[in-house]
Structures are given as C-alpha cells and as structure tokens.
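[1] my questions are about this predicted structure, shown below with the sequence.
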Amino acid sequence: MKKALSMVLAAAMAFGCVACGSTGNSKESTANSNTIKIGSIGPLTGGAAIYGNAVKNGAQLAVDEINAKGGLQFSLRVEDDENDVEKSINAYNSLKDWGMQVLLGTVTTQPCLAVAPETAQDNIFLLTPSASAPEIVAEDNAFQVCFTDPNLGTAAAEYIADHNLATKIAIIYDSSEAYSSGVHDNFKQAAAEKGLEVLADEAFTSDNKTDFSVQVQKAKNSGAELVFLPIYYNEANLIIQEMNKQGYDAAIFGCDGLDGLLTIKGADTSLFEDVMLLTPFAADSSDELTQNFVAKYKETYGDTPNQFAADAYDGVYAIWTACEQAGVTADMDASDVCDKLKEAMTQITLNGLTGEGMKWEASGEVNKTPKAVKIVNGAYVSME
Amino acid sequence: MEFLSYLINGISLGSVYAIIALGYTMVYGIAKMLNFAHGDVIMVGSYLVFIGINQMGIPPLVAIIISMVACTLLGIIIERFAYKPLRGASSLAVLITAIGVSYLLQNLALLFWGSDPKSFTSVVTIPPLKLANGQLVISGETIVTIVTSTVIMIGLMLFVNRTKVGNAMLAVSEDKGAAQLMGINVNYTIALTFAIGSALAAVAGVLLCSAYPTLQPTTGAMPGIKAFTAAVFGGIGSIPGAMLGGVLLGIIEILSKAYISTQLADAIVFAVLIVVLLVRPTGLLGKKINEKV
C-alpha cells in the first residue's frame, strides 16, 4: 500500500516538473559578446498569454530587422511570468544572471509594478511595451511605449465625447486590478468634465469574475447607451455574452485590454461586432510601415499582429534609436547603458507603428495620439 | 420587478452551486472525507465536453455521456491510488492529499490543454423564458440547472434510502468496522460513492460552463470552494441540505451584489456562513451528532 502511494507521489512530482519545464520555455537568440542583451518578461502561458506571446513575436521581428542592418547587434531573451508577481521577479533575476543590459518589459501591469522598483535599484534601463500604471515610470530609469492608465482613461472619455458616441454611460471594471481601476478612476473624472453621464458604475473582483448578471442588469436598468469596459478580454467576453442573454443592446467601448477578444477559442465572434476599443495600433492601417510589419508578422507567425506586438516592435526600435543617439556599445555594463539611455530617450523622436513622432517625457510617459478601432466582420477597422 | 429578476439570477447561480455541493456532500456523507479535488474533476469534465463538441464535432449529449464515463473512471482512479491507501490515516493526511490531487489535476490540465481561456458553447438549446413583457428573463440554462439538480437530489435520496447498495452506504457512513462485520464490502462501497460523485461532477461541469461560458484549468477551483461552503451551510452530509445551502448561497451572493456592493459580495456570503455556523454548528439541515470523546 505504501509503495502504491509513493508511486503516485513520484508520478505527481514528475508531472509537476514537466509542467514547470513547459511553462518556463524561453526563446534565446544566438548571443555572443558583441551584442546588447535585451531581456523581456511577460505571460507566455496563463490567462494573459496572448499579450506575452505578441510582445515576444513583435520584439523578435524588430531585433531580426535591426541585426540584418549590421552595426549595433541585439539579442533577445523572453522569460515567462504567467502574469504573476512572484514569477516575474524570479524571471527578472534569471535575466540578470544571463547578463541582461536592457529590460523590455514587463508586459502586464501588476508584475511590472513589482519589477520596476528592482530595476531602479539595480539601475537597469526599463522600457515597458504595455504595462500602463503611472507608478511604473516613477523612477527615472523607466519608460513606457503605451499610454499610462490615467492618460488612457482620459483619452477614452474624450474620444467618446468628441465623437458623440454616447452621453449615458455605464462602467464595469475590475476593482482588484491596478490597470482596470486606474483607467476607471480617470475615465470617470474626465467623463464628468466632458459632460458625460456615468449612470452605473459597477465593479467586480478577481475572485468573483464569472457571474456578471447583476452588473449587466444594473447597467441595463440605468438606461446607459454605452458600456465602458476597462478590463481584459476574458471577462469582457463573459460580460458581452451576458448582455446578449439579457437582451441589452448597448454600444461597447474598451481599452487595449480588450485586444484579444477575437482570439478566444470557441467564442461566438458575431457577438463582438461593433465593439470599439482604444488602441494605438490597427493592423489594417494603410501606411507603409504598418503594412510591412503586418505582412512580415503574418508570414513569420501566421497570425495578425495585435497592439502588443506593435508596442514591442516600437519598443525595440526606441531602444535602438536611443542606443545610436547615446553611442551605447555592447561592452558597457547595464548601469552605464541605463545612464546613457535615460538621457537619450528624451531626445529621440520615433515614427513607429503605434504613433507618428512619438516623443518621451523625462517622466517616462510617451506622447502620441490615440486611435480607436471597431470590430467589423471579425476584424479591426480604424474608426477614423 | 427588479428584485424578482435579481432573485432569479440568484437562484440560477445557486442552482449551479447546489449541483456541485451535491457531489461534495455525497462523498462527505459516506466516506467522511472532504474531497477538495471535486471542483477539479468538474473542470476535467467540462474540458472533455468542450473537446468533444468543439473539436471532434460529436453531439452534445454523447459528449456529456462520454465525459461522465471518463469522470467516473477518474474518480475511481483517484480514490484507488490517492485516498484508499490512507483509509486508516488521520483525516488531516487525507485532507492534504485531496488538496494535492486538486493541484495535480489543475497542472495536468495546464499541461494538456494550455492555459488560454476557452469560450464554452452552451449545450442548452431551450429558449429563455420571458415573463412580464420580457422584463423578466429566465435563461434556458437556469431552467435546466434547477431541474437537473432537483432530479439528482431526489434520485440520490431515493438511491441512498431505498436501495440495498444505498443502505450499505449508510451503514458504511455510520460505522465502517461494523458494516464490514455485517458482510458489506467497504472498499467497494466507498469506490462506488466516488464513482457517483464524479459522474455528478461531469454534469455539474457542463451546467457550470453553460451558465458561465469560460473554461480554464482553474475554472473549478472557486465554484468548488463556494459549493463546499454551500454544503457546510446546508449541513454537510445532508443531501437536501446541499441543495438548500447552494440555492441560498447563490441568492445571498446576488442580492448583496445588487443592493449592498458588487465588491463585498464574497465577504458578505462568508460572514453569513460564520453566523449560521455560530447559531447552528451542524448547518441548516445537518444532524446533531454527539461526538464520543
């Protein structure tokens, strides 16, 4: 009997190890001594895996392009954090052991809030493609490619008001998530200034995020014409299905967290028609840079890139431009690289996928104009 | 009208808790152990149905039956290899093992099916019931869940009280040693309990995911804990108690979301549980047992 039990335990341990092995997969480009080592951390598995993988792919594409130019060479290594704070710190430490000189990450907000202070302490340059809390760029070594939550919330309210999308608004947000509540707070403030009426303001928490019947019903009863969802796509899918079930036909407006709705397996995408989201990148844009990027991305990964891939692509180019500007070379240590880059970042101008003439403030925030896209026939279409 | 519609939502959520709680209470009532892996058997059952319908294209009913058979086997295997060797061990050891099995199943699911959330297609084709000019909507899922959990509750009660095997289960739950002396095969009876509990888990999984159509390796975890709470609330070990506890828990949760705070709903639910346990330590319908010291 004892033997049987120990067999089971041994099997359990073996499985556990296999599970670790598969989740910790990381891609490493050929690294040699004359390349600058860029580390990145993001959820490659887990509920937010779409973001991490998009960043990984987008960044790799940019790195390959830059390396093909000759001159300054980059090597990229991406570690998985499953959108978990502790795992993110572990990933950061293992990247440091690898000899990382620049951190492109982390991808999601909550882990980034924990990693950013560490980088400040170690004086490692941090450029996050997509983590959007303003606290992340509190220290002067940290910069963002995406908008901060306050900017995003304000931009969303201004967009809705300026384009006359609705005046009666309901909000459903995740109060246990920094990204969601950050956008929510500023949206509400900006909405009041712009004369939008917030008729229902409902929250949920990470422990109670499958049943949305009450939140949707309150929004419905309030008579709101537009539901603002500053949340991630998985919960948004449930809310949209619940709205359909209750026969509540309001417009839906979200932020970059909704990017990923169309990739959910088994989802009825016809329900996502006309969902609007504020995102700086639309894969159907007609400019040359976007079209080249989308074509290359499709060819390499067989998938249409989302905003996160574009953010990461711009992030790598921003690092490259700043490195050229400051004359960073591969033999400098991480701290010297950081000192040079944080000065150079405020001087560069980047024509990227996510905005033309992107500039960075000394505070670490980016300056660019937001765009909105709408889902039409299962694809993003620019609203302009 | 608003209140009625919240109440319906509450009953709908509660009936999902109830059907999961029935599995908990069944195993606890007979084997006297808390099978914390129950929520994860539910998750496995849902994945099997999802794969059957979405990837292999078999009809929902067939997929559910296959999933029930698979979960039954899974339940028997878990019982045989994880719990049976601990039959004589302290209840704490069994409890920890159950938690271990729960994590094992979650991580296996992560390994096999990945962690990206899948959107479950509802297997219920009954159209929603619209009352009072469409102001009250009772979804098909709610109707099916309530009917199914009631049928299962009555079925289980008849099975336990009226059949020979059921009586054997009652005997085992009273006193394993004495039952064995009376010629009851204790190991067989407990294995059967797990088999039934796990088959119910498959049904519960399908209904859970039809009502709240998202599927991840952690899908069973939180509903599992809530259902366990519901079983304790109603009096763990009592079959009608699980049903009552589940429905009440759902109603309390939804009403506190609706009238107090959407964020504090869980806190209120568990506070109510504490109060009930202070007043009635054995739960609403639990039997008072004088423990021999």
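    Yep, that arrived.
[2] which SS class is the nearest residue to residue B:110 once chain neighbours are set aside?
    Once flanking residues are discounted, residue B:110 sits nearest to residue B:217: 4.7 Å by C-beta to C-beta, 6 or more residues apart in numbering or on different chains. Quick note: C-beta positions are derived from backbone N, CA and C, even for glycine. Under DSSP: H, G, I helix; E, B strand; the rest coil, the three-state class of residue B:217 is coil.
[3] can you check residue B:134 too?
    Note that with three-state DSSP, the state of residue B:134 is coil.
[4] phi and psi next, for the closest residue to it other than its chain neighbours.
    Nearest residue to residue B:134, sequence neighbours excluded (C-beta to C-beta, 6+ apart): residue A:247, at 6.9 Å. Main-chain torsions, residue A:247, degrees, to the nearest 10: phi 70, psi 40.
[5] re earlier: so who does the residue nearest to residue B:110 touch?
    Listed by C-beta atoms under 8 Å, 6 or more residues apart in numbering or on different chains, the contact partners of residue B:217 are B:43, B:106, B:107, B:109, B:110, B:113, B:115.
[6] from memory the fifth one sits against residue A:45, does it?
    So the one you mean is residue B:110. Yes - if you go by C-beta atoms under 8 Å, residue B:110 and residue A:45 touch, sitting 7.5 Å apart.
[7] buried residues in stretch A:94-101?
    A:94, A:95, A:96, A:100, A:101 (16 or more other C-beta atoms under 10 Å in any protein chain shown).
[8] for stretch A:67-78, give the mean pLDDT please.
    Across stretch A:67-78, pLDDT averages out at 91.
[9] from the rest of the structure, what touches that stretch?
    A:26-32, A:34-42, A:44, A:52, A:55-56, A:59-60, A:63, A:66, A:95, A:98, A:100, A:104, A:316, A:319-320, A:323-324, A:328-330.
[10] type out the PyMOL command that picks the buried ones from those.
    Per 16+ other C-beta under 10 Å, the buried members of the contacts of stretch A:67-78 correspond to this PyMOL selection:
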select buried, chain A and resi 26+29+31+35+36+37+38+39+40+41+42+44+52+55+56+59+60+63+66+95+100+104+316+319+320+323+328+330
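[11] returning to what we had before: I'd say the residue nearest to residue B:134 and residue B:139 touch.
    No - Residue A:247 lies out of contact with residue B:139 (C-beta under 8 Å); the separation is 10.8 Å.
[12] neighbour count winner among these two?
    When residue A:247 is set against residue B:139 and neighbours are counted by other C-beta atoms under 10 Å in any protein chain shown, the residue ahead is residue B:139, at 23 against 11.
[13] let me see the backbone angles for the nearest residue to residue A:309 once chain neighbours are set aside.
    Spatial nearest neighbour of residue A:309, chain neighbours left out: residue A:58 (3.2 Å); criterion: C-beta to C-beta, 6+ apart. When quoted as degrees, to the nearest 10, the phi and psi of residue A:58 stand at phi -60, psi -40.
[14] wait, doesn't residue A:58 sit right on residue A:310?
    Yes - under the criterion of C-beta under 8 Å, residue A:58 makes contact with residue A:310 at 6.2 Å.
[15] neighbour count winner among these two?
    Neighbour comparison, residue A:58 and residue A:310: the larger count goes to residue A:310, with 32 against 28 (by other C-beta under 10 Å).
[16] need the contact list for the more buried one.
    Listed by C-beta under 8 Å, 6+ apart, the contact partners of residue A:310 are A:58, A:280, A:281, A:290, A:293, A:352, A:353, A:354.
[17] how about residue A:169?
    A:160, A:191, A:196, A:197, A:198, A:199, A:224, A:225, A:226, A:227, A:228 are the contacts of residue A:169 under C-beta under 8 Å, 6+ apart.
[18] enumerate the beta-bridge partners assigned to it.
    Counting by DSSP bridges, residue A:169 is bridged to residue A:198, residue A:226.
[19] how near is it to chain B?
    From residue A:169 over to chain B the distance is 17 Å, taken as C-beta to the nearest C-beta, to the nearest Å.
[20] can you pull out the strands in the stretch 101-250 of chain A?
    Listed in chain order, the strands of the stretch 101-250 of chain A (DSSP state E, counting those that start in this stretch) span A:102-104, A:125-128, A:142-144, A:168-174, A:197-204, A:226-229.
[21] state the mean pLDDT of the host helix or strand of residue A:336.
    Secondary structure assignment for residue A:336, by DSSP states H and E: helix A:334-344. Averaged over helix A:334-344, pLDDT sits at 91.
[22] and for stretch A:352-371?
    85.
[23] ok, and for it, which residues are buried?
    For stretch A:352-371, by 16+ other C-beta under 10 Å, it's A:352, A:353, A:354, A:355, A:358, A:360, A:364, A:365, A:366, A:368, A:370, A:371.
[24] pull up the distance across that stretch, start to finish.
    End-to-end distance of stretch A:352-371 (C-alpha to C-alpha, to the nearest Å): 14 Å.
[25] how far does it sit from the chain's center?
    Centroid displacement of stretch A:352-371 relative to its chain, using C-alpha atoms, centre = their mean, to the nearest Å, is 15 Å.
[26] and the contacts of it?
    Residues contacting stretch A:352-371 (C-beta under 8 Å, 6+ apart): A:134, A:136-138, A:140, A:142-148, A:151-152, A:155, A:159, A:278-282, A:289-290, A:293, A:307, A:310-311, A:313-314, A:317-318, A:345-346, A:348-351, A:382-384.
[27] before we move on, what about stretch A:324-335?
    A:33-36, A:72-73, A:100-102, A:122-125, A:322, A:337, A:340-341, A:343-344, A:347-348.
[28] could you dump the strands of the stretch 101-250 of chain A to TSV with mean pLDDT?
    Output for those, formatted as TSV (pLDDT from 0 to 100):
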stretch	mean pLDDT
strand A:102-104	94
strand A:125-128	94
strand A:142-144	93
strand A:168-174	94
strand A:197-204	92
strand A:226-229	94
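[29] in JSON lines: those strands, plus distance to residue B:256.
    Converted to JSON lines, the strands of the stretch 101-250 of chain A look like this (distance: least, C-beta to C-beta, whole Å):
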{"stretch": "strand A:102-104", "distance to residue B:256": "43"}
{"stretch": "strand A:125-128", "distance to residue B:256": "38"}
{"stretch": "strand A:142-144", "distance to residue B:256": "38"}
{"stretch": "strand A:168-174", "distance to residue B:256": "17"}
{"stretch": "strand A:197-204", "distance to residue B:256": "13"}
{"stretch": "strand A:226-229", "distance to residue B:256": "22"}
